[in-house]
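*Asks:* Only the shape, not the letters, is given here:
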Ligand code: GLU
Ligand code: ZN
């Protein structure tokens, strides 16, 4: 793999210690699955005497629900999951994402794409490639120019095109997940050149998360396994942008009775944090899912005491 070299500017030094985060998208209140990610990342940060930051990923504005941001904060606080430092909102960070995009453009890594999902599906079909249901289509490179150029800056504003990153050949990304061990993904054959800015002007999760994790000096990313397949893309972007690679730990997913991931789409019910007793019940369910054993049963325990015991029991 050929990696473009660039230097990162003004980044806080991750060497100053552990910095973890919880980064919910405010598409609804927390459910049992998102509480597992919140608790797992909080415990890992506390066990490592690190910081735990809260970032609201309200980037995909049409899917965000305004009340959810407040609900999530209230739910976390009811569960004693307090965060350090101010909250970052992705909706307020357009300039940072654009400037990362400009840097990638300067490195001649970007090209404009006018394909609709249907065009991509048709192209793949004509190549005899079938995409299994629930899987993303591997972009076949239809719009990729023979020679990559730095695009004029005005080109970003004129709408109706997405901006994709041009991957080098044999872009095999490997990393060791702290829970799952060695992982690898061939970005060329499993993903294809991926979108960093959509045709409606929204920056994608892949770009925003990488820019924010770097600028917040995040050293440890602890999150649900549903995000595992995004990690290789994020590592590739970190390398091209000259950012440090954080450690990754992907937590077991909570599935519903049909074996599907809990999500707003499957109408997962929100956790019940009405009072301390209910919050503790939710925390205990999440801890069980994380495999924590021998924790106080919660009858005569405060949330603070229970969280301390859980922090001691956390293995990673
Ligand atoms: N905002 C993403 C989600 O709620 C999580 C991002 C991440 O942890 O990297 O699914
Ligand atoms: Zn295209």
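*Replies:* Noted; the coordinates are in hand. Since we're looking at a predicted model, the values are computed, not measured. Numbers count the residues shown, from 1 in each chain. Ligands and ions are numbered 1, 2, ... in the order given.

*Asks:* Going by C-alpha atoms from here, please, whenever you check contacts or count neighbours.
*Replies:* Noted.

*Asks:* Just to check, residue 273 is in contact with residue 78?
*Replies:* Yes - using Cα atoms under 8 Å, residue 273 is in contact with residue 78, at 6.2 Å.

*Asks:* Identify the contacts common to these two.
*Replies:* residue 279 (Cα atoms under 8 Å, 6 or more residues apart in numbering).

*Asks:* Return the distance of the nearest residue to residue 196 once chain neighbours are set aside relative to residue 215.
*Replies:* Using Cα to Cα, 6 or more residues apart in numbering and skipping the chain neighbours, the partner closest in space to residue 196 is residue 204 (5.2 Å). Distance of residue 204 to residue 215, given as Cα to Cα, to the nearest Å: 17 Å.

*Asks:* swap in residue 243?
*Replies:* 9 Å.

*Asks:* Could you report the neighbour count for the residue lying closest to residue 94 once chain neighbours are set aside?
*Replies:* Spatially, and ignoring its direct neighbours in sequence, residue 94 is nearest to residue 203 (7.9 Å; Cα to Cα, 6+ apart). Neighbourhood size, residue 203 [other Cα atoms under 10 Å]: 23.

*Asks:* got the contact list for residue 203?
*Replies:* Contacts of residue 203 by Cα under 8 Å, 6+ apart are 59, 94, 97, 196-197.

*Asks:* now the residues you listed: which count as buried?
*Replies:* Buried subset of the contacts of residue 203 (neighbour count, 16 or more other Cα atoms under 10 Å): 59, 97, 196-197.

*Asks:* Out of those residues, give me the two with the largest separation.
*Replies:* Across the buried ones among the contacts of residue 203, the longest distance by Cα to Cα is 12.5 Å; it joins 59 and 196.

*Asks:* Need the residues touching each of those two.
*Replies:* Contacts common to residue 59 and residue 196, judged by Cα under 8 Å, 6+ apart, are 203-205.

*Asks:* Just put the residues you listed in CSV and tack on secondary structure and distance to ligand 2.
*Replies:* Output for these, formatted as CSV (DSSP: H, G, I helix; E, B strand; the rest coil; distance: Cα to the ion, whole Å):
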residue, secondary structure, distance to ligand 2
203, strand, 17
204, coil, 16
205, helix, 19
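
*Asks:* Residue 100 versus residue 161, what's the distance?
*Replies:* 18 Å.

*Asks:* Spell out for me which residue occupies the centre of this protein.
*Replies:* The residue lying closest to the centre of the chain (Cα atoms, centre = their mean) is residue 209, at 5.8 Å.

*Asks:* Name the surrounding residues that touch the helix or strand of the chain with the lowest mean pLDDT.
*Replies:* Least confident helix or strand of the chain, by mean pLDDT, DSSP states H and E, is helix 117-126 with a mean of 92. With Cα under 8 Å, 6+ apart as the test, helix 117-126 has contacts from 130, 137, 139-140.

*Asks:* Ranking by neighbours, what's the top pick from these?
*Replies:* Counting neighbours by other Cα under 10 Å, residue 139 leads those with 22 neighbours.

*Asks:* where's it, which helix or strand?
*Replies:* Assigned by DSSP states H and E, residue 139 falls within no helix or strand.

*Asks:* ok, then the element right after the helix or strand hosting residue 196?
*Replies:* Here residue 196 sits within strand 195-197, counting by DSSP H and E. Using DSSP H and E, the next helix or strand after strand 195-197 towards the C-terminus is helix 205-215.

*Asks:* Which SSE is immediately downstream of that next one?
*Replies:* Following helix 205-215 toward the C-terminus (DSSP H and E): strand 220-224.

*Asks:* Show me what that following strand pairs with in its sheet, parallel or antiparallel.
*Replies:* Paired strands of strand 220-224, with direction, are strand 247-251 (parallel) (DSSP bridges).

*Asks:* same question for the strand it pairs with, mean pLDDT?
*Replies:* For strand 247-251, mean pLDDT rounds to 98.

*Asks:* Next, the residue nearest to residue 195 when sequence neighbours are not counted: secondary structure please.
*Replies:* Spatial nearest neighbour of residue 195, excluding adjacent residues (Cα to Cα, 6+ apart): residue 164 at 4.2 Å. Following DSSP: H, G, I helix; E, B strand; the rest coil, residue 164 is assigned to strand.
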